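Undergrad: Just the structure for this:
(4 chains)
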Number of protein chains: 4
Amino acid sequence: MPEREAAFEFLREQLGDGGVDADGVVAELRRLEIETPSWGYGNSGTRFHVFPWPGAARTVWERIADAALVHRLTGTCPSVAIHIPWDRVDDWTALRGYAEGQGVRLGAVNPNLFQDDVYRLGSVCHPDAAVRRQALDHVLECVEIACRIDSGILSLWLADGTNYPGQDDFRGRYRRLLESLGEVYAALPDGMRLLVEYKFFEPAFYQTDLPDWGTALLVCRRLGPQAQVLVDTGHHPQGTNIEQIVALLLVEGALGGFHFNNRKYADDDLIVGSVEPFELFLILNEIVAARRDSATTATAETIAFMIDQAHNVEGKIDAMIQSVVNIQTAYAKALLVDRLRLDEARRAGDVLGAHRVLLDAYETDVRPLLAHLRAQLGLAPDPVQAFREGGYAERLAAERGAIAYEPR
Amino acid sequence: MPEREAAFEFLREQLGDGGVDADGVVAELRRLEIETPSWGYGNSGTRFHVFPWPGAARTVWERIADAALVHRLTGTCPSVAIHIPWDRVDDWTALRGYAEGQGVRLGAVNPNLFQDDVYRLGSVCHPDAAVRRQALDHVLECVEIACRIDSGILSLWLADGTNYPGQDDFRGRYRRLLESLGEVYAALPDGMRLLVEYKFFEPAFYQTDLPDWGTALLVCRRLGPQAQVLVDTGHHPQGTNIEQIVALLLVEGALGGFHFNNRKYADDDLIVGSVEPFELFLILNEIVAARRDSATTATAETIAFMIDQAHNVEGKIDAMIQSVVNIQTAYAKALLVDRLRLDEARRAGDVLGAHRVLLDAYETDVRPLLAHLRAQLGLAPDPVQAFREGGYAERLAAERGAIAYEPR
Amino acid sequence: MPEREAAFEFLREQLGDGGVDADGVVAELRRLEIETPSWGYGNSGTRFHVFPWPGAARTVWERIADAALVHRLTGTCPSVAIHIPWDRVDDWTALRGYAEGQGVRLGAVNPNLFQDDVYRLGSVCHPDAAVRRQALDHVLECVEIACRIDSGILSLWLADGTNYPGQDDFRGRYRRLLESLGEVYAALPDGMRLLVEYKFFEPAFYQTDLPDWGTALLVCRRLGPQAQVLVDTGHHPQGTNIEQIVALLLVEGALGGFHFNNRKYADDDLIVGSVEPFELFLILNEIVAARRDSATTATAETIAFMIDQAHNVEGKIDAMIQSVVNIQTAYAKALLVDRLRLDEARRAGDVLGAHRVLLDAYETDVRPLLAHLRAQLGLAPDPVQAFREGGYAERLAAERGAIAYEPR
Amino acid sequence: MPEREAAFEFLREQLGDGGVDADGVVAELRRLEIETPSWGYGNSGTRFHVFPWPGAARTVWERIADAALVHRLTGTCPSVAIHIPWDRVDDWTALRGYAEGQGVRLGAVNPNLFQDDVYRLGSVCHPDAAVRRQALDHVLECVEIACRIDSGILSLWLADGTNYPGQDDFRGRYRRLLESLGEVYAALPDGMRLLVEYKFFEPAFYQTDLPDWGTALLVCRRLGPQAQVLVDTGHHPQGTNIEQIVALLLVEGALGGFHFNNRKYADDDLIVGSVEPFELFLILNEIVAARRDSATTATAETIAFMIDQAHNVEGKIDAMIQSVVNIQTAYAKALLVDRLRLDEARRAGDVLGAHRVLLDAYETDVRPLLAHLRAQLGLAPDPVQAFREGGYAERLAAERGAIAYEPR
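TA: Numbers count the residues shown, from 1 in each chain, chains lettered A, B, ... in the order given. Below you'll find the model as predicted:
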């Protein structure tokens, strides 16, 4: 490992010349926590096919074991989001204990409001009060589960929407949405946050009831301070400036968390940063900037960093690790931004100069910083490689086999 | 003209069989008022070229004369929006008198915050307080002008934004925006509305300070009830469901008005409804629906219907008339929607049935209704044809000539 | 039915005044043939859920029966496209006989190259020759089936593509594509056409091997004259001018057929014309125009009109009928376009005038024409209503029940 | 400068461990030539305003002087594209001599077919033969100019298109396009290439006559081998995979050159790589790959690398240098891709592994390589900084002043 340390030393010196304290950056990186999703460890696919992956997790216990493995290899993923009913168990204490034994804790609870036949026309926005009741009871059960597992976050994504002009009444659906979520909000215990996710399209194809951050924020404002907006990076129209939305939600104190993933065209749930790594850097740059601004520090410090992705044609665990690494990479670069020089350039109206301050950070190879951090944690420098060379995939495939798609 | 009346009688009977009162529809159509923009009567173009049109208006007086001609031919455009400084005069009383003499009144006042060299990095969001001051003084002058001409609306479109990642601070720009508009709001007299327009992109290419309805609504909420959102139909990302935004803003009591136009890709300012007439119908359908809902009637009744379009390759006046006709057509169809049947189908969860109620209205040929309305008003049945056959274009071309582009 | 005939008579007179022969239009409408897809009659859905529809077809026999019902109600859908293996039977003669007994014939044969586990990295473009071999054997079997059922069309849609930058070699994939399709082409008997479909995205999310008409045409040119491009209206980037692509392919003699459907954002397979009816009209207008141009008549006359849509939240049969009606409606309007006046306006450089010629046709209510055609054929004037009032849905639901999703 | 060399040595060693010869990479970088556009040195803007920049070039002589300065600072921009009539002079020998005296040569000749009033309805596709004649004469003059200045490239961008459905006949316009370009092609001397550019939209807003690479390639195929496609990176629909288009055109031997720039939403002509640097890397990666493939080497070696961008809110010269640096950066990273490992991963079907090979190259900080190259050339390590600290901007501003927009 002396070569790796030499690279870190070289970088530390270079950064030091630019006034950046590499050890401070590593210390901040060490505080970064990223939650991985249990559903990212099982088989997934498109409406056309689900390709089974050898060794993909089949049960909640296996999903948690895989999440724990990711944490052991990266040192940065101490919690795992769960999805109800896919991860429902009879004995929550046992599940909690199992997770803790594996070295992770249970994180955000995600209700499922799309998979039941009664949800054809929506769940909490459905025209029929009985269906709304069923949907609400499910969400309330999830609040209950969150209490049991001591989770502070309920992540709410709605598949509600319509497929045809005229199909339903926009105003009516919005009112039902507010009324339904009002009941959920009332059931939240102190300290539990309701994160309201939006999505531009799919699976409803003409209209989505929570299509954009604006609607999500309106809903949160009606509910109260425990409701915040959840930004899924793949859920925007083409050409959207996501980093600006992030900044705005930070000013408004309304950014609750992220579902990180990437896409080229629509909501593809690809590996985080695999298509637009610069955008990922710009998003994290806004968060770092907001942390240094006293008016937004509080919100910026409580953002939940969660991954929400699906692996259709590649292995699950190493792809998840890659996403974690990509977030760390972008975050490390964001920490390198020289904010003093940036402010000077902005104040001087120096457009190119300000842009170049970001470029300087982005072009830096931060892998030595991350390797140094991992060495501090007693980890291998490249966790994807460590997974691949550790024989994990082979062992899991042997134990679990390749299963055909189980309709969840 | 007995043939035309026969067509109306035939339609009246058909509609009557479906329970629709054709005369009531005509009466509602008669109340529709559409404001045309003074800037739509002069030459306009792209960054590549401005093609001069023979007879295009050259002065504010000519622009008002053209707007008045559109009103005389359509009976539905009693006001004209003005743009400062393009339409600035020394004697506002004289201009008002001139307009009234022509049969129209002066409508919304539109400040210009993009044409001065100092606005390179923005106007009311500019990093430099001196530039913001200049921009604000201009807007305050516009409030003053609105008072003088007895206009109830200040329409605010900002070209503010940035072209490169890092160029400026999102949070800072947003705070400056709020502060600046706060000063404008404080200057509004009772009864005057500030309509805040948003635009997804252009002329700023990386980020726009008011990029979407969500930001515009946040700003309005910070300001107060006299601030409302202005929806320009061309200012959305591809694939956006505009009619849903309209419905949501109506529920929130925040829809102030429209800038109607159409586009295929970006903000092209094409003739209203020329590319997506069904979308125009769906938008107007939401307004008609909201008028019949007591919770939204008040807002729906005070929406300002304004056209904002530019005519790059075609004549100005007949294209403007065509836009007016297209709005009337879509509105007439929206008035034909059988809302009772629609509600029944929705309550029954009959997706196709509900959609078909809209189709029934949309497929109806409403030209006889419009011709009947025009006959009531003493107008020709086809105002575009009336313009074209009336020798207006030739006369204006002879009087005014074809001028090369005057940089405004 | 006198009222309906009165409406037709009224319209006939009006059209006659404009120089249009209504009976001739009806005669042309009578020649229109639209193929419906067997897979449109079964349950379908998104990656999130498949909602079972009571009475949805469960077998190839039921799917053909439903297609035949659509033909009996519309008089315009004499053939049904089949999908292999979903519609594979042991005895093709029996299936053909069954279809003929129901009054329809078997149409285009659609291979399935996405549903087998081996296709994770592609089918005919797969890096592994053994997988390509399997894919090719399947397509060759489909050619064989097409011979057996006397179908003249093989419709080829590939799900091939990649999910990540670097995953595979673009040039290599393209060469494999050409090589594979070369073998398919060589197996085509005289008179059978290979229709090559393209799709901008999904289910591959970073890159699609046949992403646009340009690639499809290049492939067809390499293959020979029996290969032509298949345009699926939902498979384009946002903002694409599809009618121009149609016109260009007609000039190039390369337009083989359509898969009609509609979408708001991505490939949603919604009811044809349900979101953008004007675009549908403009597409059909290009076909009518090309039929009247001797240089393109031959190609324009052999276009296969096929529907490819899925019904996720609504009934299958009436939605399919609605699509048929919408195509007929748009086609009828296209037939009304006054091409003489259009040419005059274009030659005169009269932009608005030319546009208005299209509007005149589009704004006409053609339902009386279609009702007249149906009366000639002994059909009810509104086939959707006829289906709904005929008790078909109830009978099918009783017979077939609501089945849960059978993974195809 | 020992620190810089230390960084290079460190990197050289690291790369060497991975089997990459850093000196070979530097040698390849040294062969890279990028052409800058004369029009990028003058003032430019949007349809809303053109902000004058102090010291922006006012004449063709000044534009060439600025291009030469960029070459002196970067060592990689030995030619400058010219635009007729903006850069037309009476004495071409004098201009050539001036350029050579400055150390650069004149490059691609770009006709202007959008700025004359007669082009309202198009140029070479215009319905009127007289306008087409005028347009063709202009292009033929440009061929003549290219001969005089010994340029091997005619770059053809058309603004032709229509703004409204029905405005003109797609088939007719395409035929006129083919006929017109046929005449241009016939006039090309041996060895001169005609590069045909496409653009998805703007300034025509409903339809563009050359909207995509497919149409451009069809046209080139009709013309002959001296016609090739010109890819402007900003001219695609949202979500387009440009690197795949590049690969396909390389296989087809049809990629003539690039107009590099960047955009967030539409054609914004931003600094190359400023919004999506990873996409730029992926594009250059295809070119490097094609150079190593004997079937595509010939085409890949003759690609013209040209920048086409406009600087609306920033200085011209340093922004141009930044674009050059960004291309060099992306190219250097593309040269680092371990193609052996990449092929192995692809052959093994290792999706993530193949992707990671690209990431490895992309994450490398190549600035030491570029600094080393510049040191070899006797240049400062950071040419933007060299420009900014060299007092050039101040001197030019003093000499030239800030001029208001001269309508070109």
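Undergrad: so where do the helices sit in the stretch 1-150 of chain A?
TA: Applying DSSP state H, counting those that start in this stretch to the stretch 1-150 of chain A gives helices spanning A:2-17, A:22-31, A:60-74, A:92-102, A:129-148.
Undergrad: Name the residues that touch the first one?
TA: Pointing back at helix A:2-17 there. Among residues not part of helix A:2-17, those counted as contacts by C-beta atoms under 8 Å, 6 or more residues apart in numbering or on different chains are A:21-23, A:25, A:336, A:364-369, A:371-372, A:375, A:381, D:3, D:7, D:10, D:14, D:17. (Each C-beta comes from the backbone N, C-alpha and C, glycine too.)
Undergrad: hmm, back to that, would you single out the least confident of the helices of the stretch 1-150 of chain A?
TA: If the helices of the stretch 1-150 of chain A are sorted by mean pLDDT, helix A:2-17 sits at the bottom with a mean of 92.
Undergrad: Please point out which parts of that one sit buried.
TA: A:Arg4, A:Ala7, A:Phe8, A:Phe10, A:Leu11, A:Arg12, A:Gln14, A:Leu15 (16 or more other C-beta atoms under 10 Å in any protein chain shown).
Undergrad: Please save the CA atoms from the helix or strand of chain A with the lowest mean pLDDT in CSV.
TA: Among the helices and strands of chain A, helix A:2-17 carries the lowest confidence by mean pLDDT, DSSP states H and E, at a mean of 92. Written as CSV, here are the backbone C-alpha positions of helix A:2-17 (Å, rounded to 0.1, in the frame of the first residue of the first chain):
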residue,chain,number,x,y,z
PRO,A,2,2.9,2.5,0.0
GLU,A,3,2.1,3.5,-3.6
ARG,A,4,-1.4,4.4,-2.6
GLU,A,5,-0.2,6.5,0.3
ALA,A,6,2.3,8.2,-1.9
ALA,A,7,-0.6,9.2,-4.2
PHE,A,8,-2.5,10.6,-1.2
GLU,A,9,0.6,12.5,0.0
PHE,A,10,1.2,13.9,-3.4
LEU,A,11,-2.4,15.1,-3.6
ARG,A,12,-2.4,16.4,0.0
GLU,A,13,0.5,18.6,-0.9
GLN,A,14,-1.1,19.8,-4.1
LEU,A,15,-4.4,20.6,-2.3
GLY,A,16,-2.5,22.2,0.5
ASP,A,17,-0.9,24.6,-2.0
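Undergrad: residue ranges with poor pLDDT in the stretch 301-408 of chain A?
TA: A:403-408 (pLDDT under 70).
Undergrad: can you map out the strands along it?
TA: Listed in chain order, the strands of the stretch 301-408 of chain A (DSSP state E, counting those that start in this stretch) span A:304-307.
Undergrad: What segments of it are helices?
TA: A:317-336, A:339-347, A:351-363, A:367-376, A:383-389, A:392-400.
Undergrad: Most tightly packed of those helices?
TA: By mean neighbour count, with neighbours taken as mean count of other C-beta atoms under 10 Å in any protein chain shown, helix A:317-336 ranks first of the helices of the stretch 301-408 of chain A at a mean of 25.
Undergrad: near chain D at all, that one?
TA: Yes - residues of helix A:317-336 contacting chain D under C-beta under 8 Å from any C-beta of the partner chain: A:Asp318, A:Ala319, A:Gln322, A:Thr329.
Undergrad: picking up where we left off before, and A:Gln115, which of the helices of the stretch 1-150 of chain A is closest to it?
TA: Checking those against A:Gln115 by C-beta to C-beta gives helix A:129-148 as the closest, at 10.3 Å.
Undergrad: what's that closest one packed up against?
TA: Other elements packing on helix A:129-148 under the criterion 3 or more C-beta pairs under 8 Å, 6 or more residues apart in numbering or on different chains; DSSP states H and E are strand A:79-84, helix A:92-102, strand A:105-111, strand A:153-156, helix A:170-187.
Undergrad: redo that, cut-off 10 Å
TA: Secondary-structure packing of helix A:129-148 (3 or more C-beta pairs under 10 Å, 6 or more residues apart in numbering or on different chains; DSSP states H and E): strand A:79-84, helix A:92-102, strand A:105-111, strand A:153-156, helix A:170-187, strand A:193-197.
Undergrad: Any chance of TSV for the ones you listed, columns mean neighbour count and distance to chain C?
TA: Converted to TSV, these look like this (neighbours: other C-beta atoms under 10 Å in any protein chain shown; distance: least, C-beta to the nearest C-beta, whole Å):
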stretch	mean neighbour count	distance to chain C
strand A:79-84	24	12
helix A:92-102	15	25
strand A:105-111	25	13
strand A:153-156	26	15
helix A:170-187	19	14
strand A:193-197	25	14
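Undergrad: Specify the stretch among these that is closest to chain D.
TA: strand A:79-84 (20.8 Å; C-beta to the nearest C-beta).
Undergrad: Tell me which residue of chain A lies closest to chain B.
TA: Going by C-beta to the nearest C-beta, chain B is nearest to A:Gly214 of chain A, at 2.2 Å.
Undergrad: what's the nearest residue to that residue if we skip its chain neighbours?
TA: Leaving aside its sequence neighbours, A:Gly214 sits nearest to B:Gly214 (C-beta to C-beta, 6 or more residues apart in numbering or on different chains; 2.2 Å).
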